[in-house]
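Q: All I have is the shape, not the residue letters:
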C-alpha cells in the first residue's frame with residue numbers, strides 16, 4: 001500500500017485520521033495437539049502483524 005501511495009495510485013484524503021488499533025486473537029484448543037501446519041500459520045501471522053505494526 002505504501003508503494004501505491006508513493007506512486008500516486010492512492011491518495012490520503014484524511015491525513016490526520018487513522019483507525020484505532022485493534023487486538024488480534026488466535027484461539028486454539030491447546031498446544032499439545034496442535035498440528036505443525038497450524039503452528040507455522042500462527043507464527044507467520046504473528047511475524048506479519050509485528051512487521052505491519054512496526055511500520
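A: Perfect, I can see it now. Quantities reported herein were computed from a predicted structural model and do not represent experimental measurements.
Q: what's the helix or strand for the closest residue to residue 10 other than its chain neighbours?
A: Leaving aside its sequence neighbours, residue 10 sits nearest to residue 4 (Cβ to Cβ, 6 or more residues apart in numbering; 4.3 Å). In short, each C-beta sits where N, CA and C put it, glycine included. Assessed by DSSP states H and E, residue 4 sits inside helix 2-6.
Q: quick one: low-confidence ranges for the chain?
A: By pLDDT under 70, the weakly predicted segments of the chain are 1-2, 55.
Q: From residue 21, how far out is the residue nearest to the spatial centre of the chain?
A: The centre of the chain sits closest to residue 49, judged by Cα atoms, centre = their mean, with a distance of 3.2 Å. Distance of residue 49 to residue 21, given as Cβ to Cβ, to the nearest Å: 11 Å.
Q: Just give me the longest helix of this protein.
A: For the chain, the longest helix by residue count, based on DSSP state H, is helix 36-54.
Q: what does that helix contact?
A: 24, 26, 28, 31 (Cβ atoms under 8 Å, 6 or more residues apart in numbering).
Q: Just send those residues back as CSV, with distance to residue 17 and secondary structure too.
A: As requested, the contacts of helix 36-54 are exported to CSV (distance: Cβ to Cβ, whole Å; DSSP: H, G, I helix; E, B strand; the rest coil):
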residue, distance to residue 17, secondary structure
24, 21, coil
26, 29, coil
28, 35, coil
31, 39, coil
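Q: could the residues you listed go into TSV alongside distance to residue 44 and neighbour count?
A: Below are the contacts of helix 36-54 laid out as TSV (distance: Cβ to Cβ, whole Å; neighbours: other Cβ atoms under 10 Å):
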residue	distance to residue 44	neighbour count
24	13	8
26	11	9
28	15	10
31	16	9
